[in-house]
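K.L.:
Generate a structure from the sequence data that follows.
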Amino acid sequence: MTTVVPAANQLIVTSTGTVTDGYAEGALSERIAAYPDLDVLSCLGSSVAQQTSTLTVTIT
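P.N.:
Numbering: from 1, shown residues only. Presented below is the predicted three-dimensional model:
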């Protein structure tokens, strides 16, 4: 499951699921990424090739 929540000029993307193979197979996992919340109207005249963010992964 993935949720996207706007907060403080960022988009917080949280994904949860189960590890399906390899290390910690069967464990619960959570991935949280914080991306800059881009102004869509300002971006209409240009393109965004990539974004960088802070990423946290937790396996329990």
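
K.L.:
contacting residues around residue 20?
P.N.:
By C-beta atoms under 8 Å, 6 or more residues apart in numbering, no residues touch residue 20. The C-beta positions use only the backbone N, C-alpha and C, and glycine is treated the same way.

K.L.:
After the host helix or strand of residue 14, which helix or strand is next? Please name it.
P.N.:
In this assignment (DSSP states H and E), residue 14 forms part of strand 10-18. Reading on from strand 10-18 to the C-terminus, the next helix or strand found by DSSP H and E is strand 28-36.

K.L.:
Taking strand 10-18 as reference, get the angle to that next one.
P.N.:
Counting by axes from the mean of the first three to the mean of the last three C-alpha atoms, to 10 degrees, strand 28-36 lies at 170 degrees to strand 10-18.

K.L.:
quick one: strand 28-36 to chain centroid distance?
P.N.:
4 Å (C-alpha atoms, centre = their mean, to the nearest Å).

K.L.:
do stretch 16-26 as well
P.N.:
That offset, for stretch 16-26, works out to 18 Å (C-alpha atoms, centre = their mean).

K.L.:
number of nearby residues for residue 58?
P.N.:
For residue 58, the neighbour count with other C-beta atoms under 10 Å is 11.

K.L.:
for residue 18, same thing?
P.N.:
Using other C-beta under 10 Å, residue 18 has 11 other residues around it.

K.L.:
Many thanks, we can stop here.
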